[in-house]
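> the sequence isn't on hand, but the structure is:
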C-alpha cells in the first residue's frame, strides 16, 4: 500500500515569513512529485512538479526532493495571506497507470 | 484555454434518483479519473480510465459507474444515490510530459461538483 504522509496542521506563519511544508512517502520506486494548492471548496491546483533530487524554484515557491530519505518539501517565501490554503502532496511511480497517490494535505494559515 | 469542465457544479437530489455528472477535457489526455473528497479523508479515487473503453476501479468504486466512449468525456453515474454519497466530487485528467529517461503525468482537476443526497 503506497502511502503519502503530511502533517495536517494547521501551520500558522506570519506574513512575510517562510512557510515549510513537508511530505514523506513509502514507495521507493516513486519518481514524480507534485504539490497542489487547494482553497476551501475549490479544486486542487498544480503549483509545483519535481522529478530529481535537489531544489526546484518557481517564483516564491521552492520544492525540495530527497529520494534517499523519501522526503519532499515545499517552501513558500514571503508568505502572503492569499497563500492560506491546504497544500496537497502527490507522488507517482514511473510506468503503469501513473496513478498519483495523494497525501491528506497540510492546512497553512498566513496571518497579517 | 486548456481545461477540465464538470457539470453540474451543485446538485441536490433524493435517495434513489439516478444522476450523471459530466466531465470533459480539451487537452487530448488519455488518462481521466474521478475523486471524491470528504472532510478528514482527503481525496479518494473512485474510478479511472486509461483510454477510450478502458476503465478500472479506484479505492472507493461502490455505488458508482463510469464510461469512456470518447477520449474527451468521462461521465460519473450514480444509479441509486444514497446519503453517504454526499460529497465534493472532482474529475481530473492527466497529460504526459516526456522527459529524458522517462516521462511523467501531470494531473489537472475540474472545478468540482458538490452533491447532496437527501
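Good, I have the coordinates. As the structure is a computational prediction, the values presented were derived from the model and not from experiment.
> could you list the low-pLDDT ranges of the chain?
Assuming you mean chain A. Scanning chain A for pLDDT under 70 picks out the ranges A:1, A:94-97.
> was after chain B, sorry
For chain B (pLDDT under 70), the answer is B:97-104.
> write out the residues of chain A neighbouring chain B.
A:31-32, A:34, A:41-46, A:49, A:51, A:88, A:90, A:92, A:94, A:97-100, A:102-105 (C-beta under 8 Å from any C-beta of the partner chain). The C-beta positions use only the backbone N, C-alpha and C, and glycine is treated the same way.
> for residue B:20, give the beta-bridge partners.
Following DSSP bridges, residue B:20 is listed with bridge partners residue B:77.
> measure residue A:10 to residue A:84 for me?
9 Å (C-beta to C-beta, to the nearest Å).
> between the two, which contacts overlap?
Here residue A:10 and residue A:84 have A:108-109 as joint contacts, going by C-beta atoms under 8 Å, 6 or more residues apart in numbering or on different chains.
> so which of these two has more stuff around it?
Higher neighbour count among residue A:10 and residue A:84: residue A:84, with 19 against 12, using other C-beta atoms under 10 Å in any protein chain shown.
> these two touch, right, the more buried one and residue A:76?
No: counting by C-beta atoms under 8 Å, residue A:84 sits too far from residue A:76 to count as a contact (10.6 Å).
> residue A:40 belongs to a strand?
No: if the criterion is DSSP: H, G, I helix; E, B strand; the rest coil, then residue A:40 is coil and not within a strand.
> list the contacts for it?
Neighbours of residue A:40 in contact, by C-beta under 8 Å, 6+ apart: A:85-86.
> residue B:1 should be in a helix, yeah?
No: if the criterion is three-state DSSP, then residue B:1 is coil and not within a helix.
> report how many residues lie close to it.
Residue B:1, neighbours per other C-beta under 10 Å, totals 3.
> next, work out how far apart it and chain A are.
Distance of residue B:1 to chain A, computed by C-beta to the nearest C-beta, to the nearest Å: 15 Å.
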